[in-house]
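Undergrad: turn this into a structure:
(chains A and B)
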Amino acid sequence: MSEKTIFQLSRKGRRAASLPACDVPYTPPSALLGEANLRSRLPLPELAELDVVRHFTRLSHRNYCIDTGFYPLGSCTMKYNPKVNERTAGLPGFASLHPLQPDKTIPGALALVYELQALLSEICGMRAATLQPAAGAHGELLAMMMVKAYHADRGDSGRTTVVIPDSAHGTNPASAARCGFSVRPIPSNSRGCTDLDALSRALDGSVAALMLTNPNTVGLFESDIVEICRRAHEAGGLVYCDGANMNALLGLARPGDMGFDVMHCNLHKTFSTPHGGGGPGCGAVCVMDKLEPYLPVPVVTKTGEGPSATYRLDSDRPSSIGRIHTFYGAFLIAVRAYTYIRSLGPDGLRAVAENAVLNANYIRSRLAECYDVACGNQLCMHEVVLSANRQKQAGGIRALDISKRLMDYGFHPPTNYFPLIVPEALMIEPTETESKETLDGFIDAMIRIAGEAETEPELVKSAPHDTVVGRLDETAAVKRLDTRWEPLFGPDTDS
Amino acid sequence: MSYISNTDADRAEMLKTIGVDGIEDLLAPLPDEVRLKRPLEVPDALDECSLIRHLQELAARNADLEANLCFLGAGCYDHFRPTVVGMLASRGEFATSYTPYQPELSQGMLQAIYEYQTLICALTGMDLSNASMYDAASGIAEAALMALGLTERNEVVVSRALHPHYRQTLRTYLTATGHRLVEAPLSGVVTDVEAMKAAIGPDTACVIVQQPNFLGSLEDVDAVARAAERAGALSVVGVDPIALGLLKPPGELGVDVVVGEGQSLGNPMGFGGPLLGFFACKSKFARSFPGRIVGATTDGLGRRGYVMTLRTREQDIRRERATSNICTNETLLALAATIYLCEMGSAGLRQVSDLCLQKAHYAASELNRVAGLKVRNGSTPFFKEFVVEADIPWEGINEKLLERRIVGGLPLRTSYRELGESCLLCVTEKRTKADVDSLVASIAELVR
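TA: Residues are numbered from 1 along each chain as shown, chains lettered A, B, ... in the order given. Down below sits the predicted model:
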């Protein structure tokens, strides 16, 4: 059964909120603000609190999540989000702080930011970090701004191009373009990795940076990475690491040691903070020495050590690219990520990467018989990309169909049709937190679907059959654009 | 602690299935030269009990605003958060889901975003709302970039009464793209509209003001919107959603884009983040606005359902030609804002808005009576924030207020030199008359 919109549940005169009475002398708003500045109507729904609770609880039942099941969405690192993180982020000493309180009233918050930046710098093998970017794409944008400022400071004004492999996340070219760079795509080789010859041809004097994901979006480690960075540097460019796949590397290898100059990592992926249905996130950016002066303001600085250490917010940074967030980024996400790192320690972090790689290779190994594995069946890192090419050729069953059918078996589908270089891609990232039984359940479902694709193709093509809605008409959604509940704006709902 | 489910026995079986001897064999693709050959220099793992204690100790070092009275505003506000908001928004079904790429499994969040979009349109009077931006600062910057792209012009005119951090963020974005930023000066505590009009020229892509402005007072949005339109530029207005409980929605004044900070709508201050940028515009920008949007449609059986729509603007499809690079946004905060607005309803939001207005005016008039203090907003209507000028530096006053567990206002000397020794104070519905009286009495003692 569908859930009515909250607007349909509204009844005139219902009230939920309980607010304090006015305990100061009252003057009508028209006298204080001027009649002309006041609105005549405010068409919000009118509900009892029970209506609100039931509506949003029922909506929650219509949403798949990690807490209820396996979510192998490639590139998204849908690992378990520890509940203790929610508890620490909710402490009044973090949640009830104003960003503009005097520094001396917030030493604990500044210490946490400072220490988390130091932990991330160590984990990534870099010099310094900032937590200000609100998401991965925001981190990419910040990095491109710093790259631009770096070249400008050196008087190197002709660097207007950013080189990006064709397997990259769409945010990479979009972020580079947002900084006024032109994007030069380079093809991947048959092994799914950077083609060194194509790279060399692309690296001329106009290149400001190379943006690279490692492990790349096919889930493969760029084993030529040191040489790739060397060539980019030789051409005068900087190298950016999209750290979306950092979960594969924790404690095993560090982008800073590979030659990267700057990277972002997603606290809402690698460091276990919940995705919230699409955010909030934090795309912390780590930099090597040469880019440190360009970090956004304010920067948290520390003076002294131990219990007498003092922290403050420093905005006096002449080379900084400036401010990129209203305040300091998603602090409460930082609290969660800090909690997570402190819960695991060095061995726990390394175990994350090792088990993520084990789980992905287990899936690869068991599904290689029924599905094509992208770029040859080679060892993968934390995720494996399959192709439904075989199923498409045989019976017209596409990656999308397989994904939808997985829902009937109770699983969230993998990422579809990405990376773009793999036809009919099914990108599976199991993460380290899933058990063998869960993986086996998923694998068995995938094998059964491969069988159904041959024996009952219509069943697969018309899936899902067991969800609250079936496949939705996305073309109609664009043609008859309906992005708000129109009856609310009609003349009859005046309130 | 460990969140890994597999046992050693599980791992042994899995390795056997893969056909390797150990996990190290799986790491063969990592060249030796990049392997980290030492443990990470990260403190050792803590058990849950010790972990909580450690975080509690860090938190306890801060002066939180449940134990101290807050009169700070300036873009992050101490409004009341009804209990149901946090309870419902933090449900695992919402919090631990991803961006709703698979609509059949994400109808709950998709419908909630559709309701959010509807509520933002209702508040602002606009046609279209996206599914959220990072914060108001980046929302303003995105609006400017949209206007620059649409008009193919090179300049943005911004009021000096726009939040200094929004202006700084805008400057950062426009430095990267190579566009010009022109600032219109203040006249008292509001935008000098005549100077702003004079600054608008044939190369102006958009004009940006804030309502109420950073200093708490109301701007002549109507005049600004008309001046922008005459010049073929877009008008962009930053709003306080709580103020919109009373104020005329910018949509009724012909404004093109409305951006605001939604933290006030049921989200914690959280030391300034995460925040919630909302972004609403006229329907004619449906193909060019940034960010995600959800639309209603039907399935094969005619059942109503929701999907992310107008997707061809976005980075995963359009790549370098996308209307923005934004991907992850602030969905969970948008959900909290939706629940907040539903819990409030029309009457509740009006009441919150009116309480802020009344209490701020009471505080302003009481402070204005103190010898040595002067409220600067006197001649213009103001909402919940106002500027108070003193004869002595506010930093010293605030220092003394802290001893009485009062977090005072924001000194403006560095951001608004022209306002002298001034401070921006905020009074929300959470402050009682007794709270305000205590603030006024304390300040009166200190400036005497």
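Undergrad: who touches stretch B:401-417?
TA: A:98, A:100-102, A:105, B:63, B:65, B:67-74, B:164, B:186, B:215, B:387-388, B:393-395, B:397-398, B:419-426, B:438-439, B:442-443, B:446 (CB atoms under 8 Å, 6 or more residues apart in numbering or on different chains). Using the backbone N, CA and C atoms, a C-beta is placed for each residue, glycine as well.
Undergrad: and those residues, which are buried?
TA: A:98, A:100-102, A:105, B:63, B:65, B:68-74, B:164, B:186, B:215, B:387-388, B:394, B:397-398, B:419, B:421-426, B:438-439, B:442-443, B:446 (16 or more other CB atoms under 10 Å in any protein chain shown).
Undergrad: among the residues you listed, name the ones in helices.
TA: B:164, B:394, B:397, B:398, B:438, B:439, B:442, B:443, B:446 (DSSP state H).
Undergrad: mean confidence score for stretch B:149-157?
TA: The average pLDDT within stretch B:149-157 is 98.
Undergrad: next: stretch A:7-22.
TA: pLDDT averaged over stretch A:7-22 gives 95.
Undergrad: continuing past the longest helix seen in chain A, what's the next helix or strand?
TA: In terms of residue count, the longest helix belonging to chain A (DSSP H) is helix A:331-367. Per DSSP states H and E, the first helix or strand lying C-terminal to helix A:331-367 is strand A:372-373.
Undergrad: now residue 144. Nearest residue, chain neighbours left out?
TA: Using chain A. Leaving aside its chain neighbours, residue A:144 sits nearest to residue A:179 (4.1 Å; criterion: CB to CB, 6 or more residues apart in numbering or on different chains).
Undergrad: correction: the question concerned chain B.
TA: Nearest to residue B:144 is residue B:156, by CB to CB, 6+ apart, at 4.9 Å.
Undergrad: looks to me like that neighbour is in a strand.
TA: Yes: counting by DSSP: H, G, I helix; E, B strand; the rest coil, residue B:156 is part of a strand.
Undergrad: so it touches residue B:177, yeah?
TA: No: if you go by CB atoms under 8 Å, residue B:156 and residue B:177 don't touch, sitting 10.4 Å apart.
Undergrad: how near is residue A:180 to residue B:291?
TA: 21 Å (CB to CB, to the nearest Å).
Undergrad: just residue B:16 next, same as before
TA: 48 Å.
Undergrad: neighbour count: those two, which is higher?
TA: Neighbours per residue, other CB atoms under 10 Å in any protein chain shown: of residue B:16 and residue B:291, the larger number sits with residue B:291, 23 against 10.
Undergrad: the worst-scoring helix or strand of chain B on mean pLDDT and chain A in contact?
TA: The helix or strand of chain B with the lowest confidence, counting by mean pLDDT, DSSP states H and E, is helix B:315-318 at a mean of 86. Yes: shown here: helix B:315-318 in contact with chain A (CB under 8 Å from any CB of the partner chain) through B:315, B:316, B:317, B:318.
Undergrad: please convert these to a markdown table, extending it with neighbour count.
TA: Below are the residues of helix B:315-318 next to chain A laid out as a markdown table (neighbours: other CB atoms under 10 Å in any protein chain shown):
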| residue | neighbour count |
| --- | --- |
| B:315 | 25 |
| B:316 | 16 |
| B:317 | 11 |
| B:318 | 17 |
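Undergrad: quick check: which ranges of chain A have low pLDDT?
TA: Within chain A, the stretches with pLDDT under 70 are A:492-495.
Undergrad: which SSE is immediately downstream of the longest strand along it?
TA: What stands out as the longest strand in chain A, according to DSSP state E, is strand A:207-213. Next helix or strand after strand A:207-213 toward the C-terminus (DSSP H and E): helix A:225-234.
Undergrad: show me what counts as buried in that following helix.
TA: Applying 16+ other CB under 10 Å to helix A:225-234 flags A:225, A:228, A:229, A:231, A:232 as buried.
Undergrad: what's the spacing between that helix and its chain's center?
TA: 27 Å (CA atoms, centre = their mean, to the nearest Å).
Undergrad: what angle sits between the helix or strand following that helix and helix A:225-234?
TA: Downstream of helix A:225-234, the first helix or strand assigned by DSSP H and E is strand A:238-242. Angle, strand A:238-242 to helix A:225-234, by axes from the mean of the first three to the mean of the last three CA atoms, to 10 degrees: 140 degrees.
Undergrad: remind me what the helix or strand immediately after strand A:238-242 in the chain packs against, helices and strands.
TA: The C-terminal neighbour of strand A:238-242 among helices and strands, as given by DSSP H and E, is helix A:255-258. When contacts are defined as 3 or more CB pairs under 8 Å, 6 or more residues apart in numbering or on different chains; DSSP states H and E, helix A:255-258 packs onto helix A:225-234.
Undergrad: could you check whether the helix it packs on is close to chain B?
TA: Yes: using CB under 8 Å from any CB, helix A:225-234 reaches chain B at A:225, A:226.
Undergrad: hmm, back to that, shared neighbours, residue B:156 and residue B:177?
TA: residue B:148.
Undergrad: between the two, which is the more surrounded one?
TA: residue B:156 (30 against 18).
Undergrad: quick one, what contacts that one?
TA: B:144, B:147-148, B:170, B:174, B:179-182, B:204-208.
Undergrad: look up the residues forming beta bridges with it.
TA: Under DSSP bridges, the beta-bridge partners of residue B:156 are residue B:181, residue B:206.
Undergrad: one more: residue A:165?
TA: residue A:186.
Undergrad: hang on, the earlier thing: now the residues of helix B:315-318 next to chain A in a markdown table, with distance to residue A:210?
TA: Conversion of these to a markdown table gives the following (distance: CB to CB, whole Å):
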| residue | distance to residue A:210 |
| --- | --- |
| B:315 | 19 |
| B:316 | 21 |
| B:317 | 23 |
| B:318 | 22 |
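Undergrad: if we can go back for a sec, ok, of the contacts of residue B:156, which come out buried?
TA: B:144, B:147, B:148, B:170, B:174, B:179, B:181, B:204, B:205, B:206, B:207, B:208.
Undergrad: helix, strand, or coil at the second one?
TA: Reduced to three states with three-state DSSP, the structure at residue B:147 is helix.
Undergrad: residues contacting the nearest residue to it once chain neighbours are set aside?
TA: Excluding its sequence neighbours, the residue lying closest to residue B:147 (CB to CB, 6+ apart) is residue B:206, at 3.5 Å. For residue B:206, the contact set (CB under 8 Å, 6+ apart) comprises B:143-144, B:147-148, B:151, B:156-157, B:228, B:233-236, B:256-257.
Undergrad: spell out which parts of the stretch 151-300 of chain B neighbour chain A.
TA: B:163, B:165-166, B:168-169, B:171-173, B:175-178, B:218, B:244-249, B:252, B:261, B:268-275, B:286, B:292-300.
Undergrad: mind checking which of these are in helices?
TA: Short answer: these in helices (DSSP H) are B:165, B:166, B:168, B:169, B:171, B:172, B:173, B:175, B:176, B:177.
Undergrad: what count of nearby residues applies to the second one?
TA: Residue B:166 is flanked by 26 other residues according to other CB under 10 Å.
Undergrad: which ones are touching it?
TA: Taking CB under 8 Å, 6+ apart, one finds A:326, B:75, B:136, B:137, B:140, B:210, B:238 in contact with residue B:166.
Undergrad: and stretch A:299-312, how far out from the chain middle?
TA: Centre to centre, stretch against its chain (CA atoms, centre = their mean), the figure for stretch A:299-312 is 31 Å.
Undergrad: then it to PDB, C-alphas only?
TA: This file holds the C-alpha atoms of stretch A:299-312, laid out as PDB (Å, rounded to 0.1, in the frame of the first residue of the first chain):
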ATOM      1  CA  VAL A 299      43.100  26.300  10.000                       C
ATOM      2  CA  VAL A 300      43.200  24.700  13.500                       C
ATOM      3  CA  THR A 301      46.700  25.300  15.000                       C
ATOM      4  CA  LYS A 302      48.200  23.700  18.100                       C
ATOM      5  CA  THR A 303      50.700  25.300  20.500                       C
ATOM      6  CA  GLY A 304      52.500  23.200  23.100                       C
ATOM      7  CA  GLU A 305      52.000  19.500  23.900                       C
ATOM      8  CA  GLY A 306      50.100  17.300  26.300                       C
ATOM      9  CA  PRO A 307      47.600  18.700  28.700                       C
ATOM     10  CA  SER A 308      48.900  22.300  28.300                       C
ATOM     11  CA  ALA A 309      48.400  22.300  24.600                       C
ATOM     12  CA  THR A 310      46.300  25.100  23.200                       C
ATOM     13  CA  TYR A 311      44.300  25.100  20.000                       C
ATOM     14  CA  ARG A 312      43.100  28.000  18.000                       C
END
